[in-house]
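K.L.:
Build the 3D model from these lines:
(one chain, ligands or ions: 1)
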Amino acid sequence: MTVASPDFAPDYAVVDSGAQGRAVLVFPFIGQKLLIGPDAVLPCAQDLQDMGSPLRTFRFGTFGGRDCVMKVWPAGLTVPPQLTVGDYRSLWGQWPPGCLAALVRARQLAVWILDHRCCGACGQAMDLSRSEIACVCPACGHKAYPRISPVAIGLVCKGDEILLARSPHFAPGMYSALAGFVEAGESAEECLRREIREEAGIEVGNIRYFGSQSWPYPHSLMLGFLADYQGGELVAQEKEIEDIGWFCFDSLPILPHPSSLARRMIEAVRTAIAPRP
Ligand SMILES: [Zn+2]
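P.N.:
Numbering: from 1, shown residues only. The predicted structure follows:
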């Protein structure tokens, strides 16, 4: 996923039905699926007129001077025949970075809306707050903000080799850096050491923060680190890790998408250890 684009500015406002505003880009979702028209363009109002009223309609940012509004319908609704489902990977390279940054935010907010139709404390139907980005229970006042789940991802280096592994759910042949969700009470660095110990059986040190990336599948914030191998023998964790190994840059497997944080870390290490001409 790309980093935030200067062309997209996130914000939030409930949009009243029938309100006339500035030019609008509508991001329609059925469940977690974004609907797009032919040639990957966002649908117009006419394309959506037979879908009935959405669960929620709200502004979530501006792009190029246009309001970005999302409309969320429940999962299971039939996709209108003139529309298809688009996702980040298929739209990368077709949409400008600002529009992709809007999609990353919208996709995560669609999940939040769908997960909070009812109050988790008392079961009452939730409302959208008009003052902040939150679902609010009119009965008990409980608030639910968009959930963000931190994930530590680490690229481990040993000389001119990097540690890559594949999970059973990866695309065929693809390997990536090790990653795992931060647990309650844990720092990102502690999470990284634990995950690498559990998944690879080795110890790491010299952990350096690299950067972060929103990953809305469904609501992760990837925290990227580089680390050095310190000791131990590679032992792949059963079930979680299908294969693991040390790779030189002249014999790399299939790597993650070029816009992913994992790929950016791999390319940064490749550049750092490349022999100078
Ligand atoms: Zn409640």
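K.L.:
quick one: low-confidence ranges for this protein?
P.N.:
Confidence mapping of the chain against pLDDT under 70 gives the ranges 1-5, 17-22, 275-277.
K.L.:
The same query, at a cut-off of 50, please.
P.N.:
Counting by pLDDT under 50, the chain shows low-confidence ranges at 1-3.
K.L.:
What residues does it have near the ion?
P.N.:
By the criterion of CB under 5 Å from the ion, the positions of the chain lying close to the ion are Cys119, Ala121, Cys122, Gln124, Cys137, Ala139, Cys140, His142. For every residue, glycine as well, the C-beta is placed using N, CA and C.
K.L.:
Any of those residues buried? List them.
P.N.:
When neighbours are counted using 16 or more other CB atoms under 10 Å, the residues of the chain next to the ion contain these buried positions: Cys119, Cys137, His142.
K.L.:
How about the first one, nearest residue that isn't a chain neighbour?
P.N.:
Going back to what we said before, that points to Cys119. Cys137 (3.8 Å; CB to CB, 6 or more residues apart in numbering).
K.L.:
Quick check: closest non-adjacent residue to the residue positioned nearest the centre of the chain.
P.N.:
The C-alpha lying nearest the average C-alpha coordinate of the chain belongs to Trp215 (CA atoms, centre = their mean; 1.6 Å). Ranked by CB to CB, 6+ apart and with sequence neighbours excluded, the top spatial neighbour of Trp215 is Met222, at 5.0 Å.
K.L.:
can you pull the contacts of the one you found?
P.N.:
Contacts of Met222 were listed using CB atoms under 8 Å, 6 or more residues apart in numbering, and they are Val151, Ile153, Ala179, Ser212, Gln213, Ser214, Trp215, Leu261.
K.L.:
what sits against the residue nearest to Ala134 when sequence neighbours are not counted?
P.N.:
In this structure, Ala134 finds its nearest non-sequential neighbour in Lys143, 4.6 Å apart by CB to CB, 6+ apart. Counting by CB under 8 Å, 6+ apart, Lys143 makes contact with Ser129, Ala134, Cys135, Val136, Cys137.
K.L.:
wait, Thr62 sits on Ala9?
P.N.:
Yes - with contacts defined as CB atoms under 8 Å, Thr62 counts as touching Ala9 at a distance of 5.1 Å.
K.L.:
Between those two, point out the one with more neighbours.
P.N.:
Under the criterion of other CB atoms under 10 Å, the comparison of Thr62 against Ala9 puts Thr62 first, with 19 against 14.
K.L.:
Report the beta-bridge partner residues of the more buried one.
P.N.:
Thr62 forms beta bridges with Ala9, Asp67, as assigned by DSSP bridges.
K.L.:
Can you report how many residues lie near Gln230?
P.N.:
Other residues near Gln230 come to 14 when the count uses other CB under 10 Å.
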